[in-house]
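Engineer: model this:
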Amino acid sequence: MLVDGAGGLPAAESETPVDLIRTMLSVLRRRLGLETAWLSSFRDDVQVFEVLDGNPEAMGLSCGAGASLAGSYCVRVIDGRLPSVIPDTSVNETTAILPITGELDLGAYVGVPVVGPDGSALGMVCAVSRQASPHLVELDLRIVERVAELIGLLIEPPSAPTNGAADRHAAVRRVVAQRDFEVVFQPVHDVHTATVVGLEALARFPCEPFRPDAFLAQAASLGLGTELETAILTRVLSLLPQLPDDVFIAVNISPAAVQHAPWTDLLDCVDPTRIVLEITEHAAVENYGALDDALDVCRARGVRVAVDDVGAGFSSFSHVLELNPDFVKIDKSIIRNIDSDAARRRLAQAICEFAAQTGATDIAEGVETQAELDAVGAAGIRCAQGYYLGRPKSHVHGFASAAVSAMTTEAAPAALDLLGERRFELALAHSPIGMAVVDLDGAFLRTNRAMHAMLGYTGREMARLNFRDITHPDDLDADLSLMHECLAGKRRSYHIAKRYITADGRVVWGALTVVLVCGPSDRPHCFISQILDVTAERVREADLVRRADTDPLTTIANRAAAWSRLEELDARDAGYGVLFCDIERFKSVNDRSGHHAGDHMLVEVAERLLAAIGPDDLVARWGGDEFLVVTESVDDDDLALLAGRIADRMERTPVTLADGTDVPVTLTIGVCAHRRGDGRSIDDVLALADEAMYRKRRSRL
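Structural biologist: Predicted coordinates for the structure are as follows:
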């Protein structure tokens, strides 16, 4: 029976909203091709079936009936242990063993929570069948989400009774006192090898608020946070012998709990080197010294430290800087849409590079699509976790190696047997990153649309090419060397930046990640390549370099560029010559006609110098009205001829200023050469050229 205020639904006498909800459930059920649909509400840890449509009698359901939330699919969808779409409950290892599956004879399930204004789950919109429904896909979830959203607008949140808060607090206290929670584990995968390298332990609770973060916050507000976290840690450590011994076990823990946990007792009966403590606090830590002292006790036993949710706020970066963690976990807010958001990709790469410099292992959190996984691998991130790779589950289910990898989703036939043809084809068709399957000789077996778009070749054209054909000659040797190291068993993957020649002859830069796929007996089978177009980034970098080496007024080389050229020639020890050039009476031009006129003259002098030098010579503005010419010639006659040619170009034609005034240009040029074995440094050569220039000027007075 529907009672106003009890479950958040309108009273029975106001039937229009109820009828509308039933109509929406009917449309939803028929659209999904399922047998029964319902709207349930959550009351005191019970799921109450409020509005039903279809054939609920066949499943023993009726309006007003209730079932335990703790044993339901609903709470597991809310806390992430189950997906919202389950086409076949018999093949899902969690639903296959839940008693509710047999009690309601559930074969297929789709469920989405109805969320209240405060973000809490008021109930659930579900559609089910007694038979499996393989046709259900994630796309159907959007329809259910929209229906749940509309229904949420039609119902009012339940008005809590005066003792509601007290009841919830009592329930939280009971959970803590009785240790009435479940621990599940989410796998952490090595992105390149697709193996499970770690498990993150996560607590799940049987009563409101069901969301783990909300439940832990509620416990902390009651002064039970440290006790609950210690209880969870104790449970995890007790399960350690039942978990694979070749993976680390990560446990979320707040700084406060770190400082109060009885580490000596907790670590005595376990292998501490397998434990990773994930520091979860989002707020600033008041005393990092005390936290460091507590962590040092653990680290001395071999425990490692991770900082969780890096990038979610300033405090997480502070944790990284202060705690020197072994693992840096990149927050899901950065990983979400990383495949299509360049800003997120660059931020993830920056965190990844910082982690590498500090010796930490980086882990991407919240990977939910193949495209995100591809981008994570291309960004150089070593490990990943998320619903796409594996949902949290009980230790009794076991944790086999991952059947999906950012680098192996496009493998040739042997890998297709491992990954499944449909997943392979979807990755190939929809990945926004260029992907290719390459045979051991370098020929392209498969390529995707993103790669065709980047390089301008059709699929048929790519099938006739070898990767050598499209690799820039200057980058080919490095690529081949790394490829041969893979075939020799020295490495399984590599990552380089290289240039590609497109179909129309252009050059594009790609961030290339290559993984060797092995078949039976670990024999090499093929290579999987991923190419992220980074041409725009390279162009920007080159432009920044050019600006750093260019005088902004004259657009010729600046002092830094000239010095770099001198160092290069000096290192070759082949000798070089310099011409130190100074504009005579330049100050009088500035004083008489203004700085704009002086700037105009400097630009004109620079252009004439460029026209006078040879193709291998460099002209730079040394500073003010001084210019430097660097040449590889060390012959005195050649240097004298070059100086004469420059002086002639200057004096032949005056510079016309903006006001029409013609101003003659005269350069005073000092010359010096450095020859092999003369013992002169760069400073010596410049000083001698400068001295020669001043001697010549004095001789004209």
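
Engineer: Could you list every helix and strand that the helix or strand harbouring L228 packs against?
Structural biologist: Per DSSP states H and E: L228 is located in helix 225-239. Judged by 3 or more C-beta pairs under 8 Å, 6 or more residues apart in numbering; DSSP states H and E, helix 225-239 is in contact with helix 164-178, strand 182-190, strand 196-204, helix 212-221, strand 248-253, helix 255-260, helix 263-267. Using the backbone N, CA and C atoms, a C-beta is placed for each residue, glycine as well.

Engineer: among those, which is nearest I583?
Structural biologist: Closest to I583 of the helices and strands packed on helix 225-239 is strand 182-190 (C-beta to C-beta; 63.6 Å).

Engineer: possible to save the helices and strands packed on helix 225-239 as CSV with mean pLDDT and distance to F49?
Structural biologist: Shown next, in CSV, are these (pLDDT from 0 to 100; distance: least, C-beta to C-beta, whole Å):
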stretch, mean pLDDT, distance to F49
helix 164-178, 75, 22
strand 182-190, 91, 24
strand 196-204, 91, 23
helix 212-221, 81, 25
strand 248-253, 93, 34
helix 255-260, 88, 39
helix 263-267, 89, 44
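
Engineer: quick one: low-confidence ranges for the stretch 301-450 of the chain?
Structural biologist: 313-315, 395-431 (pLDDT under 70).

Engineer: what do you get for the stretch 501-650 of the chain?
Structural biologist: In the stretch 501-650 of the chain, residues with pLDDT under 70: 519-521.

Engineer: redo that, cut-off 80
Structural biologist: For the stretch 501-650 of the chain, applying pLDDT under 80 flags the ranges 518-522, 540-548.

Engineer: Tell me where it has helices.
Structural biologist: Here the stretch 501-650 of the chain has its helices, by DSSP state H, counting those that start in this stretch, at 535-548, 559-572, 586-593, 595-612, 636-652.

Engineer: residue ranges for the strands of the stretch 301-450 of the chain, please.
Structural biologist: 304-310, 327-330, 361-364, 383-384, 434-438, 444-447 (DSSP state E, counting those that start in this stretch).

Engineer: mind checking which of those is nearest F210?
Structural biologist: Nearest of those to F210, taken as C-beta to C-beta: strand 304-310 at 20.4 Å.

Engineer: Show me how far that closest one is from its chain's centre.
Structural biologist: 16 Å (C-alpha atoms, centre = their mean, to the nearest Å).

Engineer: And stretch 618-628, by the same measure?
Structural biologist: Relative to its chain's centre, stretch 618-628 lies at 45 Å (C-alpha atoms, centre = their mean).

Engineer: And for E278, the neighbour number?
Structural biologist: Close neighbours of E278, defined as other C-beta atoms under 10 Å, add up to 20.

Engineer: Distance to S493 and mean neighbour count added to the strands of the stretch 301-450 of the chain, as JSON lines?
Structural biologist: Shown next, in JSON lines, are the strands of the stretch 301-450 of the chain (distance: least, C-beta to C-beta, whole Å; neighbours: other C-beta atoms under 10 Å):
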{"stretch": "strand 304-310", "distance to S493": "24", "mean neighbour count": "24"}
{"stretch": "strand 327-330", "distance to S493": "20", "mean neighbour count": "28"}
{"stretch": "strand 361-364", "distance to S493": "16", "mean neighbour count": "27"}
{"stretch": "strand 383-384", "distance to S493": "14", "mean neighbour count": "24"}
{"stretch": "strand 434-438", "distance to S493": "13", "mean neighbour count": "23"}
{"stretch": "strand 444-447", "distance to S493": "18", "mean neighbour count": "20"}
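
Engineer: Just say which of the helices of the stretch 501-650 of the chain is most tucked in.
Structural biologist: Greatest average neighbour count among those goes to helix 595-612 (a mean of 18), per mean count of other C-beta atoms under 10 Å.

Engineer: Need the CA coordinates for it. CSV is fine.
Structural biologist: What follows is helix 595-612, C-alpha atoms only, in CSV (Å, rounded to 0.1, in the frame of the first residue of the first chain):
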residue,chain,number,x,y,z
HIS,A,595,63.9,54.9,-30.8
HIS,A,596,61.5,53.9,-33.6
ALA,A,597,64.1,55.1,-36.1
GLY,A,598,66.8,53.2,-34.3
ASP,A,599,64.7,50.1,-34.3
HIS,A,600,64.2,50.5,-38.0
MET,A,601,67.9,50.7,-38.6
LEU,A,602,68.6,47.6,-36.5
VAL,A,603,66.1,45.6,-38.6
GLU,A,604,67.7,46.9,-41.8
VAL,A,605,71.2,46.0,-40.6
ALA,A,606,70.1,42.5,-39.6
GLU,A,607,68.6,41.9,-43.1
ARG,A,608,71.8,43.1,-44.9
LEU,A,609,73.9,40.9,-42.7
LEU,A,610,71.8,37.9,-43.5
ALA,A,611,72.2,38.7,-47.2
ALA,A,612,75.9,38.9,-46.9
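
Engineer: could I get the helices of the stretch 501-650 of the chain as CSV with distance to M483?
Structural biologist: Shown next, in CSV, are those (distance: least, C-beta to C-beta, whole Å):
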stretch, distance to M483
helix 535-548, 22
helix 559-572, 32
helix 586-593, 58
helix 595-612, 43
helix 636-652, 47
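
Engineer: Ok, which of the ones you listed comes nearest V75?
Structural biologist: Nearest to V75 among the helices of the stretch 501-650 of the chain is helix 535-548; the distance by C-beta to C-beta comes to 45.1 Å.

Engineer: Now do the closest one: everything it contacts.
Structural biologist: A497, V508, W509, A560 (C-beta atoms under 8 Å, 6 or more residues apart in numbering).

Engineer: so how far is A478 from the third one?
Structural biologist: In this structure, W509 and A478 are 14 Å apart, going by C-beta to C-beta, to the nearest Å.

Engineer: which of these two has more neighbours?
Structural biologist: More crowded of W509 and A478, by other C-beta under 10 Å: W509, with 22 against 14.

Engineer: ok, now which ones touch the more buried one?
Structural biologist: Taking C-beta under 8 Å, 6+ apart as the test, what W509 contacts is A497, K498, R499, Y500, D533, V534, T535, E537, R538.

Engineer: on that earlier part again, dump the helices and strands packed on helix 225-239 into JSON lines; add mean neighbour count as well.
Structural biologist: As requested, these are exported to JSON lines (neighbours: other C-beta atoms under 10 Å):
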{"stretch": "helix 164-178", "mean neighbour count": "15"}
{"stretch": "strand 182-190", "mean neighbour count": "22"}
{"stretch": "strand 196-204", "mean neighbour count": "23"}
{"stretch": "helix 212-221", "mean neighbour count": "17"}
{"stretch": "strand 248-253", "mean neighbour count": "22"}
{"stretch": "helix 255-260", "mean neighbour count": "19"}
{"stretch": "helix 263-267", "mean neighbour count": "15"}
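
Engineer: Turn those into JSON lines, columns for distance to T230.
Structural biologist: Shown next, in JSON lines, are the helices and strands packed on helix 225-239 (distance: least, C-beta to C-beta, whole Å):
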{"stretch": "helix 164-178", "distance to T230": "10"}
{"stretch": "strand 182-190", "distance to T230": "13"}
{"stretch": "strand 196-204", "distance to T230": "12"}
{"stretch": "helix 212-221", "distance to T230": "11"}
{"stretch": "strand 248-253", "distance to T230": "9"}
{"stretch": "helix 255-260", "distance to T230": "6"}
{"stretch": "helix 263-267", "distance to T230": "8"}
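
Engineer: among the ones you listed, which is nearest A658?
Structural biologist: Smallest distance to A658 across the helices and strands packed on helix 225-239 (C-beta to C-beta): 66.7 Å, for strand 182-190.
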